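# Provide a 3D model corresponding to the input given below.
(2 chains)
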Amino acid sequence: MALAPEIYREFEAIVGPAYISDREYILAALRQPQPHSPFKPVSPVAVLLPETTEQVQAIVRVCNRHGLRYIATVSSLISFAYPNGPNTIILHLKRMNRIVEINERDRYAVIESGVRHGQLRTELMRYGLSYPVASVGPGGSVLANFACSSGDNHVEYGTSRSNRYLAGIEWVTPTGEILRLGSLATHAGWFNADGPGPSLRGLIKGFAGQWGGLGVVTRIAIGLDAWKGPPEMPTEGRSPRYRMRLPADCHKVLIFKFPTLDQVHDAMQAIGRTEIGFSVMKYFNASAALLATESANEFWELWNSGLFQRELARPLFVYLSTWSAEELAYEERVLHDIIAETGGEPVADEVLDIYRENMDFFVLVGFLQRVLRLGGAWAPTKLGGDSVSHMFEVAKAIPEFFDGFIARGQVLDAPDNFMITPAEYGHQAHIELLYLWDRNQPDWAEVGLQVMRASLENDLEHHHHGSSPPRAKAMLERLGPRYSNCHVWIERLKAAFDPNDVSNPMP
Amino acid sequence: MRATDRVVSLSTLLGSDRCNADPDTLQGYATDSSGTTGPTPSLLVRPRHRNEVIDLVRYANAHGTSLVPLSSGPPHCHGDTVPGATNAVIVDCRDMNRILRIDPLNRSVMIEPGVHYGELVPALAAEGLRCTLPLAPRGNKSVLTSCLEREARLIPKYQYDAVDPLLTLEVVYGTGDDFRTGSACGPGTLDELRADKVNPWGPGPIDFFRLVSGAQGTLGLVTWANIKTEVLPPERELYLTPGDDLARLIAPVDQLLRRRVVDECLIVNAVTLAALLARDGHELEALRTALPRWTLITGISGLERRPRERLAILGRYLREILGAADLEPLAELPGMPALNERLGQRLDNPCGTEPYWKFAPRGGCRDLFFLTTLHRAPQFVARFDEFAARAAWPVADLGVYLQPVIQGRGCHVEFQLLHDPHDAASGARLHDLFLDASHALHRDGAFFSRPYGPWAELVYRDDPAGVAALRKVKEIFDPRRVLNPGKLCFR
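Got it, this is the predicted structure:
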């Protein structure tokens, strides 16, 4: 379905003729199915590239007037960035890519939607500042991770989930009002996102974000931490063969392996109570092998050698980052006490060296897109959060539903390919199970959903909070009653703020 | 409905021993120490269980009755528990006072609204835990309310956003529906759920716990909450750094917090510090005149393993950072021995004695507080001083407390106006100073994030879009407007 010429002209008057298109060859790129997804997106009717908040507001108002749906996006790496119904326009926010302010003194940065991690994180280093970069690679939108999607990261043990760091929000509501939340609401600056009174920031993002389903977040301020590294990444070589080592007197990576998950749990809990370390994780092993190799052939060679299955089945990654050599030595002593008590031992040097040579794993995860490289299909499941203890409980139940998929040859034989990341020194934790499958098998289109369903059913059976109800109407309706009737409140809020249901409606 | 019918109905619902219609008692709820006044409530009820709260809210919806929740013991200080509508029923949750679960492994505690700091602090200490306290709260202050209302806390490094340390909670919305937030939401009933209920976010795309934070009970009545706790450090050292120049004292605070060197971190003036430490009126005056104008109080801690080694490193950082600003952290202030231990007691415990330390000097205290950034705090202090001088407010009756929050990315600024509540002339001056200064500070960029009483009009009049959004939220969670009417922008 094409966009009516008079509406096109309305939009054109807002963004200018250079920043709108309904040409077929442009739209074709915006309805391209993702490799792992069996769903073919509906074609959008136009794509617009606004430059300012006011332009976004004007576009949203036109959409409401004409009943057009809109999806705001930057990186478009997830299925929610693609239309699931007719009469949808894409609001591509990549022109809104300004770092509006870096406030070194008060430790916040104000950014627009299109600012990427690679742009902001490296800039902040010059100021001795940092923030927890979501594990999405340098091309991910900072704003999307903080305010619209998920945003778990490799250093949330020593920091937190990214949404904790929101310090101010400018939000174009689904009907086109501009709201400024927190201290910004009363012209007090960009330093606090909650209040005045009830925190409307709660509407913007929960455990996951709204994925564009409740208007468009056009600017945010994020709180910044101190950066303990140099002002520029000390990189040698060129991608994909490069090394990035931070100064050895204050930065050290250690990886241990344990005979049981319970021991990994005990070590993780004990470390959290001492508040040493900057990153602590039980990391994936198959995904780690993908990140460690430069081609599919190399991956298979490594994976088939069994090294990562032996060394990283139950690993504990620890990255120590301190202000002095003395502090590093102290943290290492505490760590070794804990590892000795809990029965861990160091992994083989050939595995450890990968992370010692590429500490960007704890900064920007420069080579994250390698996990997509196999060319088959992959998906995450679980994606829930609660205590460290509960996440291990969830993990221990994974074989109950996952082994069957492995036995039937439907997914890669990688039962340990899950991550448990503690946050805030172990006060919470997040779990994620990544599974890979071959698109050449006859039922490939079903595999992803089957694993997700089995995972959810397993959570329901055990009453595990291994995931939140997914963003899909039918699933939400079915599962909501088991989750405190959350669907009722989510739907009422959506209806109140988006009465025309035009802001990226839920599939 | 007539008042007598209401008493009969609610007595049937909760039991007659749970309802109090004594006029003298009720009259006491028509005002509070902030000077806020409202209609005398028609009844006070004391529910014991969640189901009774649900019954109450449903009753209120059916009969158009206003409910005003409270969970702390007196004195109430912000006007939020004074009815804003006639024939209101005070819902006193102090009998919902169970500590439901202490989880030492995952460092959290699940409490009902009537659990007060006076009970919780020793219960946690027995399990090797502590909660991050506000500055010497009243022993009868509800922990849950304190967290819900986003009170500033002494240890900024443990605070990742303004709602921290609140984790999950159960709320009875104004519709009478109950709901659990974050990972407490499910799957299944609370009894079935295996989760430890420590993930505050969600469920799904909404941070439901944030919506009821700072809401003064206008959206829902919280029946329990899970609160983050921390390891009780086996060793702790407190340091006092005196200074005359506030800006100079604040500058290194930012560095201390960036590097996460310190746990407790606050700045107080001589009036506040004297009020905190004095054991009687005589000592109060002696301390007030002898103490430095400003004191930076910092604590460093040794945790469970190798605590002395940690203390040595953090102590060196502390001295280096303060030394670079030509300041020196001291175990004791010159000529004033044995304050350190008393101060430690004060910071680690709620105030168990009567009168409350803020009320001890003059009998009354009105707090004017807001948020700003650390570096702007001295400007606001100077600005307030102008107003205090203009109002001829005695320097001896003006406490100042600066509390860095959220890792030092913000600062709670609090002016404590000590006054004699029986002195009418002083009361009028207090009223004018409070309002004039609030308006001016707001204009200058102070963020009144918890808009009690007259601050509500101040913050909401400039934010019509925000008000419209809040009213949509109110319409969903309390469509009959039975919960604490007249507060915030819900007038």
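# what does the stretch 301-450 of chain B put close to chain A?
B:303-306, B:309-310, B:313, B:316-317, B:371-375, B:406-410, B:442, B:445-450 (C-beta under 8 Å from any C-beta of the partner chain). C-beta coordinates here come from the backbone N, C-alpha and C atoms, glycine included.
# can you do 7 Å?
Residues of the stretch 301-450 of chain B found near chain A (C-beta under 7 Å from any C-beta of the partner chain) are B:303-306, B:309-310, B:313, B:317, B:371, B:373, B:375, B:406-407, B:409-410, B:442, B:445-450.
# just those: which are in helices?
B:E309, B:R310, B:I313, B:Y317, B:H442 (DSSP state H).
# name the nearest of the residues you listed relative to B:G139.
Nearest to B:G139 among those: B:R310, at 31.2 Å, using C-beta to C-beta.
# for that closest one, give me its contacts.
A:Y330, B:G302, B:L303 (C-beta atoms under 7 Å, 6 or more residues apart in numbering or on different chains).
# one more time with 6 Å, if that's ok
Going by C-beta atoms under 6 Å, 6 or more residues apart in numbering or on different chains, B:R310 touches B:G302.
# mind pulling the model confidence for it?
pLDDT, B:R310: 98.
# quickly note the distance from it to B:E304.
Distance from B:R310 to B:E304, counting by C-beta to C-beta, to the nearest Å: 10 Å.
# in chain A, which segments are predicted with low confidence?
Residue ranges of chain A with pLDDT under 70: A:1.
# over to chain B?
Judged by pLDDT under 70, the stretches of chain B that qualify are B:1.
# so the residue nearest to the spatial centre of it, which state does it fall into?
Residue closest to the average C-alpha location in chain B (C-alpha atoms, centre = their mean): B:E151, at 3.3 Å. Counting by DSSP: H, G, I helix; E, B strand; the rest coil, the backbone at B:E151 sits in coil.
# report the contact partners of it.
B:E151 touches B:P134, counting by C-beta under 6 Å, 6+ apart.
# repeat that for 10 Å
By C-beta atoms under 10 Å, 6 or more residues apart in numbering or on different chains, B:E151 lies in contact with B:L133, B:P134, B:L135, B:P137, B:K141, B:T145, B:F369, B:Q403, B:V405, B:H412, B:R450.
# of the ones in helices among the residues of the stretch 301-450 of chain B next to chain A, closest to B:P292?
Among those, and counting by C-beta to C-beta, the member closest to B:P292 is B:Y317, at 22.9 Å.
# surely the closest one is in contact with B:L257?
No: in this structure, B:Y317 is not within contact of B:L257 by C-beta atoms under 10 Å, at 11.7 Å.
# who's more crowded, these two?
Counted by other C-beta atoms under 10 Å in any protein chain shown, B:Y317 and B:L257 do not tie: B:L257 has more neighbours, with 23 against 19.
# for the stretch 1-150 of chain B, what spans make up the helices?
Secondary structure of the stretch 1-150 of chain B by DSSP state H, counting those that start in this stretch: the helices cover B:3-14, B:23-27, B:50-63, B:117-125, B:143-148.
# and of those, who's closest to chain A?
Of all the helices of the stretch 1-150 of chain B, it is helix B:143-148 that lies closest to chain A, at 10.3 Å by C-beta to the nearest C-beta.
# check whether the next helix or strand after that closest one contacts chain A.
On the C-terminal side of helix B:143-148, the closest following helix or strand by DSSP states H and E is strand B:166-173. Yes: using C-beta under 10 Å from any C-beta of the partner chain, strand B:166-173 reaches chain A at B:L167, B:T168, B:E170, B:Y173.
# quick one, what contacts the last one?
Taking C-beta under 10 Å, 6+ apart, we find B:Y173 in contact with A:489, B:54, B:57, B:179, B:208, B:211-212, B:219-221, B:476-479, B:483.
# gap between the spatially closest residue to A:S43 that is not a sequence neighbour and A:A81?
Closest residue to A:S43 apart from its sequence neighbours, by C-beta to C-beta, 6 or more residues apart in numbering or on different chains: A:R31 at 4.3 Å. Note on A:R31: its distance to A:A81, by C-beta to C-beta, is 11 Å.
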